[in-house]
Every structure is written in structure tokens, then in C-alpha cells.
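# fold the stuff below for me.
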Amino acid sequence: MMMISSQRDRRVIIVGSSGQCSVVLDALACAGGWDIVGLLDSFLCRGAVRHGYCVLGKAEEASEVARSTACARFFVAVGDNWSRSKLTRLVFSLVDGVEMINVIHPAAVVSRSARIGTGVALFAGSVVGAGAELGDGVLLNTASSADHDCRLGAFSSLGPGARLGGKAVLGEGAAICLAAVVREAAQIGAWSVTGAGATVLDDIPAGVVAYGTPARIVRARKPDDPYLR
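Numbering: from 1, shown residues only. Modelled structure (predicted):
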């Protein structure tokens with residue numbers, strides 16, 4: 001029988017060890033009170049050290065690691081939306097009683113009327129406006145903002161400095177890249193990518209890449225494609 005983390009237990013296992021992981025670790029350190037048990041990474045050997053923490057195993061070994069550390073609390077620190085969604089589902093499928101924490105930097109601003117799912121990351125300077133809704137696994141990078149009544153689907157993301165006007169809607173896995181701007185009430189379809197510096201004035205359908213000012217669709221994409229290849 002797996003020993004499950006208690007409500008007072010502030011230990012957490014981080015999935016991923018790249019640059020995104022370093023930002024997550026910084027946010028947790030700034031928030032205070034978290035004890036990082038270690039990292040999981042499918043591309044590194046057990047015992048490797050990244051960002052000062054030991055790799056405990058591969059993501060596929062999440063159940064074994066949770067059992068051996070008596071910790072069922074996780075966070076998936078991966079920037080790519082598709083990869084983050086896959087790894088989150090993998091951990092849920094392997095670990096009984098798993099809990100995904102939220103990582104909220106103390107310099108983030110979150111309206112008291114906003115609703116936020118689990119496994120969400122809000123980095124320094126990010127803003128979540130009144131009435132906004134963020135699904136599970138959403139990522140708001142440094143100094144990005146989702147204004148009032150925005151709806152962000154699960155595993156969608158805003159790059160550093162990206163801005164959503166009020167009532168904008170992002171479908172599941174949609175990515176708004178560095179410093180892009182989306183007008184109020186615009187809708188971005190699932191798994192679409194809006195390139196860095198773009199200005200979105202019209203709706204963007206699902207499964208495409210768009211960039212420019214105003215943003216134009218340049219090609220179709222699959223959910224697991226690299227963002228701007």
C-alpha cells in the first residue's frame with residue numbers, strides 16, 4: 001500500500017529537469033515552505049544532478065519513486081504544452097492518490113474571483129484577471145497576463161510578456177508565444193500556436209500556426225509538432 005503525502009506535508013517531486021524546471025524551482029523557493037524530494041527525467045540516468053537536485057528515476061517510474069519516497073505530490077515542469085499534457089496523464093495513470101500542486105510565484109497577481117485548476121504555473125509578474133478561468137496544467141510565463149473573464153483551456157500557455165484582452169479564449173494546448181497580443185474576445189483553437197510578437201485581431205482555428213501583425217495563418221500543425229518548425 002502506498003503511503004500518501006499528508007495535507008501538512010509540503011514535499012513534492014518535480015517531473016522534468018530542463019530550463020523550465022529551473023524557473024519552477026525558483027518560484028517554489030520564493031513562495032517558501034516547499035521541500036523538493038527530487039526530479040524525474042526520462043532522458044537522464046538515475047543519480048544525475050540538475051539544479052542542485054537528484055534525478056530519482058524516469059517519468060515512467062513515477063509509481064516506484066512515489067512509493068519509495070512516500071510522496072504522491074507532483075508537478076510537471078515542462079514548457080512544451082503537448083509534452084506537459086502527456087507527462088501529466090502518465091503520472092496520473094501510474095500513481096495512486098496523486099496530487100498535482102500549483103506553482104504560484106509570490107510576484108504573480110491573481111484576482112480573488114479567478115478560478116484555477118491543478119498543475120498550474122504562474123511565474124513572476126504574471127496576472128490573472130477578475131473572473132478568468134485557467135484549466136489544469138496551464139502555464140503563464142514571466143510578465144504575461146490573462147485579463148478579465150478569459151478562458152484558458154487545459155495545458156494552454158502564455159509566453160513571457162504575452163497578453164490576452166478581456167474574454168479571450170484559448171483552446172486546449174494553445175500556445176501564445178513571447179510578447180504576442182490577443183485582442184479582447186478573440187478565440188484561439190486547440191493546439192494552435194501564435195508566434196512571438198504577433199497581434200491577433202481575428203479568431204484563429206484549431207491546429208494551425210499563425211504569426212505577424214496582424215496574425216496570419218501560415219500552416220497547419222499537429223499537437224505534438226514543435227511550436228514554430
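# measure Gly131 to Asp147 for me?
Distance, Gly131 to Asp147, using Cβ to Cβ, to the nearest Å: 10 Å. The way it works is simple: take the backbone N, C-alpha and C, and place the C-beta from them, glycine included.
# the more surrounded of these two?
Asp147 (20 against 16; other Cβ atoms under 10 Å).
# surely the more buried one meets Leu158?
No - here Asp147 does not reach Leu158: they are 11.3 Å apart, not a contact under Cβ atoms under 8 Å.
# touching both of those two, which residues are there?
Counting by Cβ atoms under 8 Å, 6 or more residues apart in numbering, the shared contacts of Asp147 and Leu158 are Leu164.
# quick check: domain ranges of this protein?
Following automatic domain parsing, one finds the domains of the chain at 11-101, 104-220.
# who are the neighbours in contact with the spatially most central residue of the chain?
Closest residue to the average C-alpha location of the chain: Leu139 at 3.3 Å, with Cα atoms, centre = their mean. Contacts for Leu139 were tallied using Cβ under 8 Å, 6+ apart; they are 79, 81, 84, 120-121, 156-158.
# in strands, which of these fall?
Judged by DSSP state E, the contacts of Leu139 include 121, 157-158 as members of strands.
# ok, which stretches of the chain are helices?
With DSSP state H as the criterion, the chain has helices at 19-31, 62-69, 81-94.
# what lies in contact with the second one?
The set of residues that contact helix 62-69 without belonging to it, under Cβ under 8 Å, 6+ apart, is 2-3, 11, 13, 15, 37-38, 40, 56-57, 72, 74, 90-91, 94-96, 98.
# avg pLDDT for it?
Averaged across helix 62-69, the pLDDT comes to 98.
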